[in-house]
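Trainee: please find the sequence and the predicted model below.
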Amino acid sequence: MTPEDLLAVRFEHHRPHLKAVAYRMLGSLTEADDAVQEAWLRLARSPADAIDNLAGWLTTVVARVCLDMLRTRRSRGEQPLEDHLPDPVIIREDATDPEQRALLADSVGLALLVVLESLSPAERLAFVLHDMFGLPFQQIAPLVDRTPVAAKKLASRARQRVRGAAVSPDPDPAGRRRAVD
């Protein structure tokens, strides 16, 4: 088996986890597949022997790709024709496909994905990686370009929004005044 084949086998072993991370971040199976494929392309272009923790490296890459995709969504300013709802995970009861089973086991409810849409990309990333995948804030902080304390605060704010707690008011009083006027 060539080193490239071995790397592909190792990547395929992590694919269900990576797809679950991407789906939780993006709420779209198609975009989740795109993010996972981008992670594969980046892995194929990098020196694999320099990667000590392949699972951690791949999770980081997928998280960054998802963060870029979320930021792109917001920066385009496009208004969808109808409200965007996350893609539901639909499988047959008798399905034996391990990927489908892993997706179902790792996926969160449609309601949580709808709530996650209300979070900023950085809040969403901090919340998903810490609360759903147990990554420490020291590893999340570089992904969101903040300190570990600031990443912890992002996750805390996201937790408050997910629970339906009151969120701090908009820090732009002048913008609110213009809207009222």
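Mentor: Arrived safely, thanks for sending.

Trainee: can you list the low-confidence ranges for the chain?
Mentor: Applying pLDDT under 70 to the chain flags residues 77-115, 165-171.

Trainee: now with 80?
Mentor: 1, 3, 48-49, 73-118, 132-133, 162-181 (pLDDT under 80).

Trainee: just the element for the residue nearest the centre of it, please.
Mentor: Centroid check for the chain by CA atoms, centre = their mean gives residue 25 as the closest residue, at 2.7 Å. For residue 25, the host element (DSSP states H and E) is helix 3-26.

Trainee: check which residues of that helix are buried.
Mentor: Under the neighbour-count criterion of 16 or more other CB atoms under 10 Å, helix 3-26 has 7, 11, 14-26 buried. Every residue, glycine included, has its C-beta placed from N, CA and C.

Trainee: domains of the protein?
Mentor: 1-77, 106-168 (the TED database).

Trainee: let's have those in TSV, adding distance to residue 181.
Mentor: Formatted as TSV, those follow (distance: least, CB to CB, whole Å):
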stretch	distance to residue 181
domain 1-77	22
domain 106-168	23
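
Trainee: which among those domains is found nearest to residue 178?
Mentor: When the domains of the chain are compared by CB to CB, domain 1-77 sits nearest residue 178, at 17.9 Å.

Trainee: centre of the chain versus the closest one, how much separation?
Mentor: Domain 1-77 sits 10 Å away from the centroid of its parent chain (CA atoms, centre = their mean, to the nearest Å).

Trainee: for stretch 135-145, same thing?
Mentor: 13 Å.

Trainee: so what touches that stretch?
Mentor: Residues from elsewhere that reach stretch 135-145 (CB atoms under 8 Å, 6 or more residues apart in numbering): 56, 59-60, 63-64, 67, 122, 125-126, 129-130, 147-152, 154-155.

Trainee: of the residues you listed, which belong to helices?
Mentor: Taking DSSP state H, the ones among those that sit in helices are 56, 59-60, 63-64, 67, 122, 125-126, 148-152, 154-155.

Trainee: which one (most neighbours) among the residues you listed?
Mentor: For the ones in helices among the contacts of stretch 135-145, the largest neighbour count, defined by other CB atoms under 10 Å, is 29 neighbours, found at residue 126.

Trainee: quick check: it touching residue 151?
Mentor: Yes: Residue 126 lies in contact with residue 151 (CB atoms under 8 Å); the separation is 5.1 Å.

Trainee: before we move on, the earlier item: thought the residue nearest to the centre of the chain was touching residue 123?
Mentor: No: look at residue 25 against residue 123 with CB under 8 Å: they stay out of range, at 11.4 Å.
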